[in-house]
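[1] coordinates for the following, if possible.
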Amino acid sequence: MSKIIHSMIRVLDLDRSLKFYADCFDLRPSHRLDFPSFSLVYLRNEHSNTEIELTWNKGRTEPYGHGDGYGHVAFCVPDVAAERARLQGLGHAPLEVKEFKADDGALIARYFFIQDPDGYKIEVLERHGHYT
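    Numbering: from 1, shown residues only. Just a heads-up that it's a prediction; the model follows:
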């Protein structure tokens, strides 16, 4: 049986990305591999074994393009309004909280988006229904 273990993104400034993911999602390095031209840093927290792999190509100066295929990574939290306020207090720029509702008005999801230092979109969902 297979299981998801990580998703990889390329970062331009490793220290800046490490700070962002630690501040915003309490993701800390669980494993690091350093090579002459690149480093791989795997991030996780105590709530999940699934990791985000940051790939840092040393010496690169141009930002990465995301093309038209990348969507987002998602995290869930107990209270999106409180989480958004916390992130704003840390100097980050989360977008407004939105709600997604069914035709009958039932709440499907409450969420906001934020971008990491490399412009990758991250959705932050409130624990509810499917997103628990």
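
[2] and the longest helix belonging to the chain, what does it pack onto?
    Longest helix in the chain, counting residues (DSSP state H): helix 14-25. Counting contacts by 3 or more CB pairs under 8 Å, 6 or more residues apart in numbering; DSSP states H and E, helix 14-25 packs against strand 38-45, strand 48-57. C-beta here means a position set from N, CA and C on the backbone, and glycine is covered the same way.

[3] what residue in the chain is the furthest from its centre?
    residue 104 (31.1 Å; CA atoms, centre = their mean).

[4] sketch out the low-pLDDT regions of this protein for me.
    Per-residue confidence for the chain (pLDDT under 70) gives no ranges below the cut-off.

[5] what's the nearest residue to residue 16 if we skip its chain neighbours?
    Distances taken as CB to CB, 6 or more residues apart in numbering place residue 117 nearest to residue 16, at 4.7 Å, with adjacent residues excluded.

[6] list the contacts of the residue nearest the centre of the chain.
    Nearest residue to the geometric centre of the chain (CA atoms, centre = their mean): residue 122, 4.7 Å. Residue 122 is in contact with 24, 72, 73, 74, 75, 113, 114, 115, 116, counting by CB atoms under 8 Å, 6 or more residues apart in numbering.

[7] just residue 123 next, same as before
    72, 73, 74, 75, 111, 112, 113.
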